[in-house]
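> Need a 3D model of the sequence below.
(chains A and B)
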Amino acid sequence: MNMNLNNCETCPVHNAGNLKRLGIDMRSFDFVVALAGNPNTGKSTVFNNLTGLKQHTGNWPGKTVTRAEGGFEYSNSKFKLVDLPGTYSLLSTSTDEEVARDFILFGQPDVTVVVVDATRLERNLNLTLQILEITDRVVICLNLIDEAERHQIKIDARMLSKDLGVPVIPATARYNKGMNELINAIFEVATGKFACKPYRIKSNSKDLNYAIEKLSKMLLEEFPALPNVKWVALRLLEGDQSVIDSVRNGELGKIFLIDQNTRVVEQAV
Amino acid sequence: MKSENKNTEAILSSANNLRWEIGEHFHDTLMESIYSNASSIAGRSVTLPSEKETTNWEKTVDKILTSPFTGFPIMFLILGVVFWLTIQGANVPSAMIASFLIDTIHPALKSFAAGIGLPFWLAGILIDGAYLAGAWVVSVMLPPMAIFFPLFTLLEDFGYLPRVSFNMDSLYKKVGAHGKQALTMAMGFGCNAAGIIATRVIDSPRERLIAIITNNFSLCNGRWPTQILIATIFIGSAVPAYLAGIVSAAAVVFIAVLGIVFSLLVSWGLSKSALKGEASAFSLELPPYRPPRVLQALYTSLVDRTIFVLWRAVVFAVPAGMVIWLVANVTIGGESIANIFIEWVNPFAFILGMNGVIFLAYVIAIPANEIVIPTVLMLTVMSLGLTGVGAGSGVMFELDSAFATKDILVAGGWTLLTGINLMLFSLLHNPCSTTIYTIYKETKSVKWTIISTILPIIMGLVITFFVTQFWRIISP
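Here you go, the predicted structure:
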């Protein structure tokens, strides 16, 4: 590694002065960033680090039941950050999981940060893979890396990033470590500097693959702008009432046509 | 709304057909592929330590904290220590704040008001009513909260609370409620309104309603001071002095545990009657133990909880103080409104081992439980026509020590039985107005809001009735 001081000074990652915490000031913003993840992985801690707000945090799964919003500015771009309730899956129907799912699906954040627990990576990947089905632009915050080290768990972040096709940033949010790198990754994904090639779930069931393919085709004919058609098809197969409704009344098509800055997130959620 | 569209209907109907083709195990197939995909990705990048290297102290601690044998005793012990520290630690600062706000500032305000020629009723409402109510709430609530909340936050930060839920989970499942109700119950110990919002984590509407209705059985911090004060002066003083602190702490823990028992009983009753159904399964992940960050815990518990709750209490106490002053000073036919009510309710209250003063105090204190005790004291003094205590008729006051408080109450006819019944009634009565409003917002149902409000009162009346009758039979 090149430890030349001059390089560090010019490198945006190490320039913490680039970060301006805006708290609840979100009058105008360029990008919407959603914070998702399993319960108790430190989403609210990351949220507080980035926005300078003081959302209550605790070692307690299920603490955040509604969305919290805050803002920050980095490299002259304003970001609106939305802290979502922790969920294990997007496939069930409790209120808190619906809040998270609807926001990622209908709110169409520019970037979704998935905060994962490095000590329980495999379990956390279940949700991550589901999110990668819904949206392309994802950054993984590999949090609690200090705890993983204490348990002698080693994680090859580069390998993980290559496999998932999105940036993976090791972090210890409790002690504010890795936050600059995280912000930079969010910035790069939001502006398209980093092109994500998200991993898609591979199913062994031929029937299922056929059904998804057929439905996706039909959906794309009706809603050509739909970015996550495979996931919508899956939900239709599952008989998800809210997705059925949004297909029936055409909401599904409208949501993705509205201009980014004027779209009303609240409406969908 | 768009009119029906042929294409979308075609999509939906083919989705229906395909659903039949792929069969009912489709959801399982999907979950399986997600799990196996996740497993293979994790396998490529994660290197786990060999079995020997894993530090197992966490497992050992978990075994002790969540064991069927030691789990509950340790839970009671930890709760007991927290209350004991709160009771012991809060006395001195409470007295100091009270003597400053009430003995120094209050007379100064009075003479200032007299100096600028304020009419007596305006000075009464503002200074003897509003100011004293606010001052009392600050002096009585600030010290215990400044001790209790940081301790509670440290336990939370360390990761103990999910273990409590884990212990309680099987009990809640047995009574037909959701295991996560244990979590919302624990939140209710801080504030019932917060606990009710937290029930959003429960998926099934049936179980969520049960959790909402029974949350009131968690003693909230507005009721801790009442419990602590009454336990100190009536139960603590019934035993030798060196045991007083421990016995009063134990009495408070007993009431708190009784609240948990009631929440289980009522959950059981509801799930067998109006809200019939099976308990749904859920997974509760025990988070790792983390070293608590002491400074941060102090900061968040003081700023986010203590100041927040205190502010709310003051906001509600100020108008209530005005109301108290008015009912004590506005007279109809020579008798104050307060006295008329008290005498009217007294015979009924006697059957329940309490008195009209307590009932009037609970009516006035609907906005905030915190002001029950000062209202009780003021009304007692007034209805007895005591002179030379406090600052006269219709004035809320703080007495220098718990024993002076006791003197007043004993003069008002209070006995150990009245104390016990007040503690029970403080556990079992209607939720405060904020909580009632929150219940309505969360359930959107007038019916369930009314049930959640009335049910605990009925239980409180029934329980105190039986306790009183039993007491009068066994005591000579």
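> Pretty sure A:Leu208 sits against B:Phe26.
Yes. Under the contact definition of C-beta atoms under 8 Å, A:Leu208 touches B:Phe26, with a separation of 6.2 Å. Any C-beta I mention is one placed from the backbone N, CA and C, and that applies to glycine too.
> In terms of helices and strands, where is the nearest residue to B:Gly412 once chain neighbours are set aside?
Nearest residue to B:Gly412, sequence neighbours excluded (C-beta to C-beta, 6 or more residues apart in numbering or on different chains): B:Thr380, at 3.9 Å. When secondary structure is defined using DSSP states H and E, the element that contains B:Thr380 is helix B:372-384.
> and that helix, C-alpha only, in PDB?
Backbone C-alpha positions of helix B:372-384 (Å, rounded to 0.1, in the frame of the first residue of the first chain) are rendered in PDB as follows:
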ATOM      1  CA  VAL B 372     -50.900  11.500  41.400                       C
ATOM      2  CA  ILE B 373     -49.000  11.800  44.700                       C
ATOM      3  CA  PRO B 374     -48.800  15.600  44.900                       C
ATOM      4  CA  THR B 375     -52.500  15.800  44.100                       C
ATOM      5  CA  VAL B 376     -53.200  13.200  46.800                       C
ATOM      6  CA  LEU B 377     -51.200  15.100  49.400                       C
ATOM      7  CA  MET B 378     -52.700  18.500  48.600                       C
ATOM      8  CA  LEU B 379     -56.300  17.200  48.600                       C
ATOM      9  CA  THR B 380     -55.700  15.400  51.900                       C
ATOM     10  CA  VAL B 381     -54.400  18.500  53.600                       C
ATOM     11  CA  MET B 382     -57.300  20.500  52.300                       C
ATOM     12  CA  SER B 383     -60.100  18.100  53.200                       C
ATOM     13  CA  LEU B 384     -58.800  17.800  56.700                       C
END
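> how about the helices in chain A?
If DSSP state H is used as the criterion, the helices of chain A fall at A:5-10, A:43-51, A:95-106, A:121-134, A:145-150, A:157-164, A:179-191, A:206-222, A:229-238, A:241-248, A:251-255, A:265-268.
> so which of those helices comes closest to B:Leu270?
Ranking the helices of chain A by distance to B:Leu270, with C-beta to C-beta as the measure, places helix A:95-106 first at 20.1 Å.
> Give me the angle between that closest one and helix A:241-248.
On the basis of axes from the mean of the first three to the mean of the last three C-alpha atoms, to 10 degrees, helix A:95-106 is oriented at 30 degrees to helix A:241-248.
> Mean neighbour count added to the helices of chain A, as a markdown table?
Formatted as a markdown table, the helices of chain A follow (neighbours: other C-beta atoms under 10 Å in any protein chain shown):
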| stretch | mean neighbour count |
| --- | --- |
| helix A:5-10 | 9 |
| helix A:43-51 | 25 |
| helix A:95-106 | 21 |
| helix A:121-134 | 23 |
| helix A:145-150 | 17 |
| helix A:157-164 | 17 |
| helix A:179-191 | 22 |
| helix A:206-222 | 16 |
| helix A:229-238 | 22 |
| helix A:241-248 | 18 |
| helix A:251-255 | 19 |
| helix A:265-268 | 14 |
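> Could you dump those helices into CSV with distance to chain B and mean pLDDT added?
As requested, those are exported to CSV (distance: least, C-beta to the nearest C-beta, whole Å; pLDDT from 0 to 100):
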stretch, distance to chain B, mean pLDDT
helix A:5-10, 28, 51
helix A:43-51, 10, 87
helix A:95-106, 5, 73
helix A:121-134, 4, 90
helix A:145-150, 6, 88
helix A:157-164, 4, 92
helix A:179-191, 16, 93
helix A:206-222, 4, 85
helix A:229-238, 4, 82
helix A:241-248, 5, 80
helix A:251-255, 9, 62
helix A:265-268, 14, 35
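> And for the residue in the stretch 151-269 of chain A positioned nearest to chain B, the neighbour number?
Among the residues of the stretch 151-269 of chain A, A:Gln152 lies closest to chain B, at 3.6 Å counting by C-beta to the nearest C-beta. As a burial measure, the neighbour count of A:Gln152 was computed by other C-beta atoms under 10 Å in any protein chain shown and equals 13.
> ok, it touching B:Val46?
No. With contact defined as C-beta under 8 Å, A:Gln152 and B:Val46 do not form a contacting pair (11.4 Å).
> Quick check on the residue of the stretch 151-269 of chain A closest to chain B: phi, psi?
Phi and psi for A:Gln152, reported as degrees, to the nearest 10, are phi 60, psi 40.
> circling back to that earlier point, ok, the residue nearest to B:Gly412 to B:Ile408 distance?
According to C-beta to C-beta, to the nearest Å, B:Thr380 and B:Ile408 sit 6 Å apart.
> Same question for B:Lys174.
B:Lys174 is 45 Å from B:Ile408, where distance means C-beta to C-beta.
> do the same with A:Leu84
Here A:Leu84 is placed at a distance of 53 Å from B:Ile408 (C-beta to C-beta).
> Same drill for those two, tell me which one is more crowded.
A:Leu84 (28 against 20).
> how about that one, what does it touch?
Taking C-beta atoms under 8 Å, 6 or more residues apart in numbering or on different chains, we find A:Leu84 in contact with A:Ala34, A:Leu35, A:Ala36, A:Lys43, A:Thr64, A:Arg67, A:Val99, A:Ala100, A:Phe103, A:Ile104.
> The third one: what's it in contact with?
In this case it means A:Ala36. Remark: with contacts taken as C-beta under 8 Å, 6+ apart, A:Ala36 is in contact with A:Lys43, A:Leu84, A:Thr87, A:Ala100, A:Ile104, A:Thr112, A:Val113, A:Val114, A:Val115, A:Leu127, A:Ile131.
> B:Pro144 - how many residues pack around it?
The number of residues packed near B:Pro144 is 23, by other C-beta under 10 Å.
> To which secondary structure element is it assigned?
Under the criterion DSSP H and E, the helix or strand holding B:Pro144 is helix B:132-158.
> Helix or strand next in line after that helix, which one?
For helix B:132-158, the following helix or strand on the C-terminal side (DSSP H and E) is helix B:161-174.
> Report the buried residues of that next one.
Within helix B:161-174, the residues scored as buried using 16 or more other C-beta atoms under 10 Å in any protein chain shown are B:Leu161, B:Pro162, B:Arg163, B:Val164, B:Ser165, B:Phe166, B:Asn167, B:Met168, B:Asp169, B:Leu171, B:Tyr172, B:Lys173.
> Please name every helix or strand in contact with the helix or strand in which B:Ile197 is found.
Applying DSSP H and E as the criterion places B:Ile197 in helix B:192-198. Helix B:192-198 sits against helix B:181-188, helix B:433-443, with contacts defined as 3 or more C-beta pairs under 8 Å, 6 or more residues apart in numbering or on different chains; DSSP states H and E.
> Any chance of the ones you listed in CSV with mean pLDDT and distance to A:Leu22 as columns?
Conversion of those to CSV gives the following (pLDDT from 0 to 100; distance: least, C-beta to C-beta, whole Å):
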stretch, mean pLDDT, distance to A:Leu22
helix B:181-188, 80, 30
helix B:433-443, 86, 29
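> Over the helix or strand containing B:Asn17, what's the mean pLDDT, rounded is fine.
Secondary-structure element containing B:Asn17, defined by DSSP H and E: helix B:6-22. Across helix B:6-22, pLDDT averages out at 80.
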